[in-house]
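Trainee: Coordinates for the following, if possible.
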Amino acid sequence: MKIYDEKNKKMVVVQQCDVCGESVKLQVNDVQLRDGVLSANWGDASSVGGNVYHLDLCHDCFKYALSALREKRRSLAMFNEEIDLPDEDFGRIDRPAPNNK
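Mentor: Predicted coordinates for the structure are as follows:
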């Protein structure tokens with residue numbers, strides 16, 4: 001959830017978790033980082049009729065959502081040997097190395 005400046009409607013002054021209301025900013029060594037986003041954009045042909053979802057998540061709520069998805073995958077794989085169990089990197093995409101010039 002984004003809260004905008006009253007005078008400048010394009011400037012976000014506070015960004016809160018859509019689940020718990022905490023800040024989605026994470027402070028690491030005096031650097032403020034943005035936390036998780038969960039989003040989906042379902043096409044018109046899907047059963048949800050073109051709905052678009054966007055949730056800003058704090059660190060704890062993102063970890064909770066990821067944990068719930070890992071558990072769902074484990075339950076599906078429990079009796080199906082063709083499904084690999086998720087590891088610690090489940091859902092993670094490697095970021096390219098910073099370009100140090």
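Trainee: Help me confirm that residue 64 is found in a strand?
Mentor: No. Assessed with DSSP: H, G, I helix; E, B strand; the rest coil, residue 64 is helix; it does not lie in a strand.
Trainee: Just want the phi and psi numbers for residue 39.
Mentor: Main-chain torsions, residue 39, degrees, to the nearest 10: phi -140, psi 150.
Trainee: So what's the predicted local confidence for it?
Mentor: pLDDT, residue 39: 87.
Trainee: Do I have it right that it meets residue 57?
Mentor: No. The criterion here is C-beta atoms under 8 Å, and residue 39 misses it with residue 57 at 10.3 Å. (C-beta placed from N, C-alpha, C; glycine too.)
Trainee: between those two, which one's more packed in?
Mentor: residue 57 (21 against 9; other C-beta atoms under 10 Å).
Trainee: Neighbours of residue 24, how many?
Mentor: Residue 24 has 23 nearby residues by other C-beta under 10 Å.
Trainee: Residue 55: what secondary structure?
Mentor: strand.
Trainee: again, but for residue 68
Mentor: Reduced to three states by three-state DSSP, residue 68 is helix.
Trainee: residues near it, how many?
Mentor: Neighbours of residue 68 using other C-beta under 10 Å come to 10.
Trainee: Residue 62 now?
Mentor: Using other C-beta under 10 Å, the number of residues around residue 62 comes to 19.
Trainee: now swap in residue 49 and tell me
Mentor: 9.
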